[in-house]
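Chemist: Predicted model and sequence below, questions to follow.
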Amino acid sequence: QVQLVESGGGLVQPGGSLRLACAASGFTFGSGTFGSYAMSWYRRAPGKERELVATITNIPGRTSYADSVKGRFAISRDNAKNTVYLQMNSLKPEDTAVYYCNARNRLGDYWGQGTQVTVSS
């Protein structure tokens with residue numbers, strides 16, 4: 001069973017930066033390798049719907065972002081470490097949310113437990 005574990009969340013002041021990481025494990029022949037998965041970060045703020053923040057495809061690793069984070073956030077992946085990252089810069093209070101990692105390919109769709117990001121002075 002594929003497992004995703006997020007880390008790197010915390011409390012940061014407006015204008016600050018955080019780097020989230022999502023470590024994946026449990027890949028088998030039946031599930032495919034980490035490199036076969038499109039990886040995404042989602043977030044859910046209190047009282048709001050879940051929002052897709054950023055996606056990075058498998059090969060060749062194309063990226064896409066929500067308009068609200070373009071130019072501030074960057075998603076990347078290290079297939080050798082089975083890890084996807086989300087670099088978040090110029091953070092705003094409205095970025096406060098629980099951030100979730102997602103792995104998806106034709107064989108499966110997996111979610112992490114989430115990591116809290118709070119942007120406040």
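Modeler: Alright, I've got the coordinates.
Chemist: Centre of the chain to the helix or strand hosting Met39, how far?
Modeler: Using DSSP states H and E, Met39 maps to strand 38-44. Chain-centre distance of strand 38-44: 4 Å, with Cα atoms, centre = their mean, to the nearest Å.
Chemist: Show me what it packs onto, helices and strands only.
Modeler: Applying 3 or more Cβ pairs under 8 Å, 6 or more residues apart in numbering; DSSP states H and E, we find strand 38-44 packed against strand 18-25, strand 51-56, strand 73-78, strand 83-88, strand 97-105. (Glycine included, C-beta is placed from N, CA and C.)
Chemist: Show me which parts of whatever helix or strand comes next after the last one are buried, residue by residue.
Modeler: Which is strand 97-105. Counting by DSSP H and E, the next helix or strand C-terminal to strand 97-105 is strand 108-111. By 16 or more other Cβ atoms under 10 Å, the buried positions in strand 108-111 come out as 110-111.
Chemist: For strand 108-111, name the packing helices and strands.
Modeler: Counting by 3+ Cβ pairs under 8 Å, 6+ apart, strand 108-111 packs on strand 3-7, strand 97-105.
Chemist: Nearest the middle, which residue of this structure would you pick?
Modeler: Closest to where the C-alpha atoms of the chain average out (Cα atoms, centre = their mean) is Trp41, at 2.8 Å.
Chemist: right, and it touches Ala103 too?
Modeler: No - taking contacts as Cβ atoms under 8 Å, Trp41 lies outside contact range of Ala103: 11.0 Å.
Chemist: contacting residues around the nearest residue to Arg72 once chain neighbours are set aside?
Modeler: Of all residues not flanking Arg72 in the chain, Ser90 sits nearest, at 4.7 Å (Cβ to Cβ, 6 or more residues apart in numbering). Taking Cβ atoms under 8 Å, 6 or more residues apart in numbering as the criterion, Ser90 is in contact with 15, 17, 72.
Chemist: give me the number of residues near Phe27?
Modeler: Per other Cβ atoms under 10 Å, the neighbour tally for Phe27 reads 19.
Chemist: Can you give me every residue that contacts it?
Modeler: Going by Cβ under 8 Å, 6+ apart, the list of residues near Phe27 reads 2, 33-34, 82.
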